[in-house]
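Participant: after the sequence you'll find the predicted model.
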Amino acid sequence: MSVIIIHHRKKCIACHYCVDVAPDLFYMDEQDGKASLINSTEKKGIFTVKILSQFADTAQQAQAVCPMKIIDVRLLTRKFTNFSDD
Ligand code: SF4
């Protein structure tokens with residue numbers, strides 16, 4: 001199983017909740033104060049990263065606590081080949 005996290009970072013209000021529950025996945029950026037997704041790649045302001053399935057529960061906790069609902073966790077049973085937000 002592949003796990004993808006999608007972070008719509010522009011709308012982040014810097015509440016810190018995702019970092020509190022998932023410090024292995026998110027950190028607070030000292031430059032603009034918003035949360036950032038560790039090891040992610042950016043396309044059109046949307047950050048994505050593929051993570052190990054063992055972190056799926058943690059990622060889903062971050063998704064659940066985000067008050068802006070800007071963290072999306074997708075569990076893929078087929079091999080991850082490409083991601084596009086288009
Ligand atoms: S929980 Fe959501 S709004 Fe709060 S810091 Fe994390 S991404 Fe930003």
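Facilitator: Cool, the structure landed. Residues are numbered from 1 along each chain as shown.

Participant: just the CA atoms of the longest helix seen in the chain, as CSV, please.
Facilitator: In the chain, with assignment by DSSP state H, the single longest helix is helix 56-65. In CSV, the C-alpha atoms belonging to helix 56-65 read as follows (Å, rounded to 0.1, in the frame of the first residue of the first chain):
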residue,chain,number,x,y,z
ALA,A,56,-0.5,6.2,7.6
ASP,A,57,-2.2,6.4,11.0
THR,A,58,-0.1,9.4,12.0
ALA,A,59,-0.8,11.1,8.7
GLN,A,60,-4.5,10.5,9.2
GLN,A,61,-4.3,12.1,12.7
ALA,A,62,-2.7,15.2,11.2
GLN,A,63,-5.5,15.2,8.6
ALA,A,64,-8.1,15.0,11.4
VAL,A,65,-6.8,17.7,13.6
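
Participant: residues in contact with whatever helix or strand comes next after it?
Facilitator: Using DSSP states H and E, the next helix or strand after helix 56-65 towards the C-terminus is strand 71-76. Residues from elsewhere that reach strand 71-76 (Cβ atoms under 8 Å, 6 or more residues apart in numbering): 1-8, 18, 56, 59-60, 62-63. In this view, the C-beta of every residue, glycine as well, is placed from N, C-alpha and C.

Participant: wait, isn't Ile51 in contact with Val3?
Facilitator: Yes - the pair Ile51 / Val3 is scored as a contact, 5.0 Å apart, by Cβ atoms under 8 Å.

Participant: if we can go back for a sec, quick one, the longest helix of the chain and strand 71-76 angle?
Facilitator: For helix 56-65 against strand 71-76, the angle by axes from the mean of the first three to the mean of the last three Cα atoms, to 10 degrees is 140 degrees.

Participant: helix 56-65 packs against which elements?
Facilitator: Judged by 3 or more Cβ pairs under 8 Å, 6 or more residues apart in numbering; DSSP states H and E, helix 56-65 is in contact with strand 2-7, helix 17-21, strand 71-76.

Participant: who in the protein is up against the ligand?
Facilitator: Those residues of the chain that sit near the ligand, judged by Cβ under 6 Å from any ligand atom, are 12-18, 35, 65-68, 70-71.

Participant: and the buried ones among the residues you listed, selectable in ChimeraX?
Facilitator: A single ChimeraX command selects the buried members of the residues of the chain next to the ligand (16 or more other Cβ atoms under 10 Å):
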select :12,17,18,35,66,70,71
